[in-house]
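Trainee: Provided below are the primary sequence and the corresponding predicted coordinates.
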Amino acid sequence: MSPIHHLLHDILHQYGALGLSVLLAGGIVGLPVPDETLLVLSGFWMHQGNLPLVGTILAAYAGSCIGMTISYLLGLKLGMPLLHRVGPKMRISEKHILSAEAGFRRYGKSVLIIGYYIPGLRQLSAFFAGVSKMPFRVFASYAYTGALIWISVFLGAGYFVGRHLSFHKVMDYVLAHPEVMPYLIGIAGGIAFSFVLKTYLTYRSQFSLYKNSLLP
């Protein structure tokens, strides 16, 4: 078992779902927490019965939403000077800042959903939403929906691994070969994006039918 695996195991074992919530919130704000690994581990331990199913899901969702809300408020109240001052201390480079800013300007609200699957952008998308003075209601509708999809994908992956595969072998391989992580994140992101797109198209078609039914 790797050192990071041991550390996450100890925190979750001692503090349970509360530890998961705090770690995820901190990771989204910018602390060096391996969020996806944490969620996969939690999903595995849910399957093993070491973490409560409902409590873990709620804790992961709450932690994600809290982290995004804190980042949004920091961007709204303190703006870019804060990011340039503390970013390097939190392993957020100028390159990350420029890329995230360009992505947010180009894709806007969609970044609050797809940004969860891109390290660096996940920590900055909510911040830029605050900097741009996005209304909180709009921010919350996108960011909180994205959080629900994100935790579902990675908790579900851990739960599936716990049921069908040797978890420790898979995790040891991933941690020994970190270059495969972007591919795993890309696959998860693709699945999540497909789910979001399908849901959006379904609701849009239903709304169109409803609107047409009201026409004389």
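Mentor: Received the coordinates, thanks.
Trainee: which residue is the nearest non-sequential neighbour of residue 76?
Mentor: Of all residues not flanking residue 76 in the chain, residue 130 sits nearest, at 3.6 Å (C-beta to C-beta, 6 or more residues apart in numbering). All C-beta atoms are positioned from the backbone trio N, CA, C, and that covers glycine.
Trainee: which residues does residue 22 contact?
Mentor: Each residue near residue 22 by C-beta atoms under 8 Å, 6 or more residues apart in numbering is listed here: 15, 63.
Trainee: how close does residue 32 sit to residue 56?
Mentor: 22 Å (C-beta to C-beta, to the nearest Å).
Trainee: between the two, who's got more neighbours?
Mentor: residue 56 (25 against 8; other C-beta atoms under 10 Å).
Trainee: any idea how far residue 29 is from that one?
Mentor: Using C-beta to C-beta, we find residue 56 at a distance of 21 Å from residue 29.
Trainee: now swap in residue 65 and tell me
Mentor: To residue 29, residue 65 is 12 Å away according to C-beta to C-beta.
Trainee: quick one: which of those two has more around it?
Mentor: Using other C-beta under 10 Å as the criterion, residue 65 and residue 29 rank with residue 65 on top: 22 against 19.
Trainee: mean confidence score for stretch 141-155?
Mentor: Regarding stretch 141-155, the rounded mean pLDDT is 91.
Trainee: buried sites along it?
Mentor: 142, 143, 146, 147, 149, 150, 151, 152, 153, 154, 155 (16 or more other C-beta atoms under 10 Å).
Trainee: the helix or strand harbouring residue 24: what's the following helix or strand?
Mentor: Using DSSP states H and E, residue 24 falls within helix 3-29. Going down the chain from helix 3-29, the next helix or strand is helix 35-48, by DSSP H and E.
Trainee: wait, the residue nearest to residue 76 touches residue 82, no?
Mentor: No. Using C-beta atoms under 8 Å, residue 130 makes no contact with residue 82, being 10.3 Å away.
Trainee: out of the two, which sits in the busier spot?
Mentor: Set residue 130 next to residue 82 and count neighbours by other C-beta under 10 Å: residue 130 wins out with 21 against 14.
Trainee: circling back: ok and the helix holding residue 24 relative to helix 35-48, angle-wise?
Mentor: In terms of direction (axes from the mean of the first three to the mean of the last three C-alpha atoms, to 10 degrees), helix 3-29 departs from helix 35-48 by 120 degrees.
Trainee: list the buried residues in helix 3-29.
Mentor: 5, 8, 11-12, 16-17, 19-29.
Trainee: give the rounded mean pLDDT of it.
Mentor: On average, helix 3-29 scores 83.
Trainee: how much space separates residue 66 from residue 49?
Mentor: 26 Å.
Trainee: neighbour-wise, which of these two wins?
Mentor: Neighbour count, other C-beta under 10 Å: between residue 66 and residue 49, residue 66 has more, with 18 against 9.
Trainee: any idea which element the more buried one lies in?
Mentor: Going by DSSP H and E, residue 66 is in helix 53-77.
Trainee: if I look at residue 130 and residue 82, which residues touch both of them?
Mentor: Common contact partners of residue 130 and residue 82 (C-beta under 8 Å, 6+ apart): residue 74.
Trainee: I am finished for the moment; much appreciated.
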